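A.B. asks: Got a sequence here, can you build the structure:
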Amino acid sequence: MTEGRDRGRGPGARGQGAGAKQIALAEAKVLAQGMRTAGKRVVVANGAFDMLHVGHVRYLAAARAAGDVLFVAVNSDASVRASKGPRRPVVPEAERTELLSHLDCVDWILLFDEPTVAEVLRALKPHVHAKGTDYTVASVPERAVVAEWGGETVICGDPKEHATTDLVAEILKRFR
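C.D. replies: The predicted model follows:
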């Protein structure tokens, strides 16, 4: 839990969106620098988090356990469409960030439009960039970026047994 922020009001109320947890990149940069200066271990996790499921939650909980503060960079709707096709995301970015804001392991949320999270990583300079188990450290596209300042790339979460694509396929199968 990040000191100085009241979690009792804000993101928990219905219809308030991501509340105080969603911030712009410029604010995230200042916060991350302050955390590093205070000796806190900064972690960044990223993804689309389309149709939030238990695999996402386990990944984020494990990412948070790797440090003192967790920033979650969420692909914007445009970014998801560019990488996953015109029918995605299923859940719009405002709702995806709202869902994430209710997770205690998530301290801060920011949206990004770029094809990779490299710009966010360069701005925040986290100690740890956490990726899910659908990657290996060697296959993370941004691992060289994180190494620029001596950061570490880690793989965390449960085995890749959950995926939005699989959920959509199962829903279509069951309700045809």
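A.B. asks: can you map out the strands along this protein?
C.D. replies: Assigned by DSSP state E, the strands in the chain fall at 42-47, 69-75, 108-112, 128-131, 152-155.
A.B. asks: of all the ones you listed, which lies closest to residue 138?
C.D. replies: Proximity of the strands of the chain to residue 138 was assessed by C-beta to C-beta; the nearest stretch is strand 152-155, lying at 9.2 Å. All C-beta atoms are positioned from the backbone trio N, CA, C, and that covers glycine.
A.B. asks: The closest one packs against which elements?
C.D. replies: strand 128-131, helix 143-147 (3 or more C-beta pairs under 8 Å, 6 or more residues apart in numbering; DSSP states H and E).
A.B. asks: so which of these is the most packed in?
C.D. replies: Neighbour counts (mean count of other C-beta atoms under 10 Å) averaged over each of the helices and strands packed on strand 152-155 peak at strand 128-131, with a mean of 25.
A.B. asks: Name the residues that touch it?
C.D. replies: 41-46, 59, 62-63, 66-67, 117, 121, 140, 142-143, 146, 151-156 (C-beta atoms under 8 Å, 6 or more residues apart in numbering).
A.B. asks: Output it as CSV, restricted to C-alpha atoms.
C.D. replies: In CSV, the C-alpha atoms belonging to strand 128-131 read as follows (Å, rounded to 0.1, in the frame of the first residue of the first chain):
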residue,chain,number,x,y,z
VAL,A,128,11.7,-4.4,-11.9
HIS,A,129,9.7,-4.9,-15.1
ALA,A,130,7.4,-7.8,-14.5
LYS,A,131,5.9,-9.9,-17.3
